[in-house]
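Engineer: Structure for this input, please:
(2 chains)
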Amino acid sequence: MKNKILNIKNLSKSYGAFKVTDEIAIDLNFNEIHALIGPNGAGKSTLIKQIVGSVKHDIGSIILDQEDITDLTDIERAKIGISRTFQVSSIIPKFTALENIILSLLNKSNNTFQLFKSLKENRELHSKAKKILIDIDLDSKTDEIASELSHGDRRKLEVGLALAMEPKVFLFDEPMAGLDENGTKMMIDLFKKIKVNSPILLIEHDMEAVFALADRVSVIVYGKIVATGTVKEIKSNDLVRDVYLGYEI
Amino acid sequence: MISEQFFNKWIWFLLLITPICGLIFDEPYYITLATKVIILGIAGIGLNLALGYCGLISFGHAAFFGIGGYVTAIMSYHAINNEILFSWPFDIFGSSDMLIIWPLAILISAFLSLIIGLLSLRTSGVYFIMITLAFAQMLYFFSISWPNYGGEDGLSIYMRNSLPMLNTMNPLTFYLICLSWLSTSIYVSYKLINSPFGMAFQAIKQNEERVKSVGIETFKVKLLIFVISGAITGLAGSLYTDLNRFVSPSVLDWQTSGEIMVFVILGGIARLYGPLIGAAFFIILEQTLGAYTENWQFWLGLILILEILYARTGIMGLFDKKKKYEK
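Structural biologist: Modelled structure (predicted):
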């Protein structure tokens, strides 16, 4: 139990008779990347939304770092250490890449309600933000307006926003979608580096990336976890091969 | 093409040269007209913080403008008649001192915006528009049915409120007082929009869900900017009552909310000087076209339609090469 940073028990959500998530039990250990895979519509993104608190679950509990956060709001959960990326890039479109990262740094640095201090003169925030832009390989696009960035760069910026929060756990929803080969490699290296401080629950359709990164993999189908194990175990699981992976892997 | 910064300097030049021209040509009316532009500009600057920078489409800023106006008139009315304003828990008298009236008008407008904000900011979009409108209309009908302070006929204060060592009845003096409040409002807005707090409320306008996800308490941010916005608009209402030496329920009417919104849209949403330019344009139209036809607002409507179709950045946006807020 002490090894678990995030522990989700019996989490369920229904819309009428349709069960989006059905008694989900999943955990995340320290220094771990736990991948969540499954076909489209399986309930992966809804599970992320329930963990961050933007979708209310019907039953179940969520424990973060031995604290029950089940009844906290989405903002409270973000404040105590849950950081996410969105399936469809969600950035501040008219801000520059640098400004997007600075926004994400505000809460942790207790700067949000500084009413009359110039943001430009806050060198600490700027240098922290620039360091993150280097980490996500966007340092050459510091002053570019976010909406004008390429799709791949927006995905990187999403991850940068999550990094800036210095959370306890990361929930990444398809962070590599639309990235080129170099971008994917950069992300894989980055995730391996950051998981040491903040473990990652990763939703990803790029199976090569998942198998290169994940310490454990869970497979979700129709809102239910059907298998959990190491990459090797999942690859050889007949049920998983039947419902999702196929037999060519 | 001149830049926005250069145009801003021209605005200050015009603000300084206008009273001088009024004095040279012995036309105090133009000084009074320019004072009106400044006061309405301050009201617009207040609304611009909420609407322009934070995306809160308030259709109830007349409530703050009107309450600022009524606080001023009521304080002055009690001071002139030497009547007690409140007798509980102790006797409180009115005052005709602007140094007392201004903070009071700002505080009461801020308090009212806090109450309205607490209730209305739980909604968004069209519901927010309707609930802010409803609050302002409630106050409007209350003022009509409040005979103690003139009811439908309004309340005259005969003499402008006073400021130590200054003759506020002098148009130039009052113009300069309002000008100093304008520069304060612009300075406060500038500092706010360039602060970390400013970054938060400008981000909320663009993507509130994302701002929440990085742990920023969006409700508190919106509430605070709404209160500051209401307080600035309340100050403008106080100055407006002193300018006219009269207040009536019309300052609380939805039409006033609409006019303040027109200043912001005409001048340029989320432009520091936009509401001032919008107010100036509005008054110039009123004075020039109004001399020919009672229905001058038809032409204002036409201009607004053309602006929304072809120049959404407003007048100030014409000078911005980047057109940051075009979409």
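Engineer: helices or strands next to the worst-scoring helix or strand of chain A on mean pLDDT in the packing?
Structural biologist: Sorting the helices and strands of chain A by mean pLDDT, DSSP states H and E puts helix A:238-240 at the bottom, at a mean of 79. Contacts of helix A:238-240 with other secondary structure elements, assessed using 3 or more C-beta pairs under 8 Å, 6 or more residues apart in numbering or on different chains; DSSP states H and E, are made with strand A:224-229. For every residue, glycine as well, the C-beta is placed using N, CA and C.
Engineer: circling back: show me what counts as buried in the least confident helix or strand of chain A.
Structural biologist: Using 16 or more other C-beta atoms under 10 Å in any protein chain shown as the test for burial, helix A:238-240 gives A:Val240.
Engineer: where's that helix relative to the chain centroid, distance-wise?
Structural biologist: On the basis of C-alpha atoms, centre = their mean, to the nearest Å, the separation between the geometric centre of helix A:238-240 and that of its chain is 26 Å.
Engineer: Show residues contacting that helix.
Structural biologist: By C-beta atoms under 8 Å, 6 or more residues apart in numbering or on different chains, the list of residues contacting helix A:238-240 from outside reads A:Val219, A:Val226, A:Ala227, A:Ile234.
Engineer: Closest to A:Leu6 out of those residues?
Structural biologist: For the contacts of helix A:238-240, the minimum distance to A:Leu6 (C-beta to C-beta) is 18.2 Å, reached by A:Val219.
Engineer: Give the bridge partners for the closest one, please.
Structural biologist: Judged by DSSP bridges, the bridge partners of A:Val219 are A:Ile37, A:Ala227.
Engineer: How about the contacts made by it?
Structural biologist: By C-beta under 8 Å, 6+ apart, the contact set of A:Val219 is A:Ile37, A:Gly38, A:Ile225, A:Val226, A:Ala227, A:Thr228, A:Ile234, A:Asn237, A:Val240, A:Val243, A:Tyr244.
Engineer: Recalculate using a threshold of 10 Å.
Structural biologist: Each residue near A:Val219 by C-beta atoms under 10 Å, 6 or more residues apart in numbering or on different chains is listed here: A:35-39, A:42, A:225-229, A:234, A:237, A:239-240, A:243-245.
Engineer: any idea how far A:Asn31 is from it?
Structural biologist: Relative to A:Asn31, A:Val219 is positioned 22 Å away (criterion: C-beta to C-beta, to the nearest Å).
Engineer: ditto for A:Arg123
Structural biologist: Distance, A:Arg123 to A:Asn31, using C-beta to C-beta: 33 Å.
Engineer: who's more crowded, the two?
Structural biologist: Set side by side, A:Arg123 and A:Asn31 give different neighbour counts by other C-beta atoms under 10 Å in any protein chain shown, the larger being at A:Asn31 (12 against 8).
Engineer: you'd agree that one is in a strand?
Structural biologist: No: the assignment for A:Asn31, made by DSSP: H, G, I helix; E, B strand; the rest coil, is coil rather than a strand.
Engineer: where does the chain dip in pLDDT?
Structural biologist: Picking chain A for this. Across chain A, the ranges flagged by pLDDT under 70 are A:1-2, A:244-249.
Engineer: try again with chain B
Structural biologist: Residue ranges of chain B with pLDDT under 70: B:1, B:321-327.
Engineer: Can you tell me the closest non-neighbouring residue to the residue nearest the centre of it?
Structural biologist: Ranked by distance to the mean C-alpha position of chain B (C-alpha atoms, centre = their mean), the top residue is B:Ala43 at 0.9 Å. In space, not counting the residues next to it along the chain, B:Ala43 is nearest to B:Ala236; the distance is 3.7 Å by C-beta to C-beta, 6 or more residues apart in numbering or on different chains.
Engineer: got a list of what that neighbour touches?
Structural biologist: The contact partners of B:Ala236, by C-beta under 10 Å, 6+ apart, come to B:38-47, B:61, B:64-65, B:68-69, B:105, B:109, B:178, B:181-182, B:185, B:260, B:279.
Engineer: can you give me the helices in chain B?
Structural biologist: Assigned by DSSP state H, chain B shows helices spanning B:4-24, B:28-48, B:61-80, B:98-120, B:125-144, B:171-193, B:196-213, B:218-244, B:254-267, B:274-288, B:296-310, B:314-317.
Engineer: quick one, which of these is packed in tightest?
Structural biologist: For the helices of chain B, the largest average neighbour count (mean count of other C-beta atoms under 10 Å in any protein chain shown) is found in helix B:61-80, namely a mean of 27.
Engineer: returning to what we had before: using JSON lines, lay out the helices of chain B together with distance to A:Ala214.
Structural biologist: Shown next, in JSON lines, are the helices of chain B (distance: least, C-beta to C-beta, whole Å):
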{"stretch": "helix B:4-24", "distance to A:Ala214": "51"}
{"stretch": "helix B:28-48", "distance to A:Ala214": "50"}
{"stretch": "helix B:61-80", "distance to A:Ala214": "54"}
{"stretch": "helix B:98-120", "distance to A:Ala214": "46"}
{"stretch": "helix B:125-144", "distance to A:Ala214": "41"}
{"stretch": "helix B:171-193", "distance to A:Ala214": "44"}
{"stretch": "helix B:196-213", "distance to A:Ala214": "24"}
{"stretch": "helix B:218-244", "distance to A:Ala214": "34"}
{"stretch": "helix B:254-267", "distance to A:Ala214": "52"}
{"stretch": "helix B:274-288", "distance to A:Ala214": "52"}
{"stretch": "helix B:296-310", "distance to A:Ala214": "51"}
{"stretch": "helix B:314-317", "distance to A:Ala214": "50"}
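Engineer: right, and those helices - which one's nearest A:Asp173?
Structural biologist: Distances from A:Asp173 to each of the helices of chain B were compared using C-beta to C-beta; the shortest belongs to helix B:196-213, at 11.3 Å.
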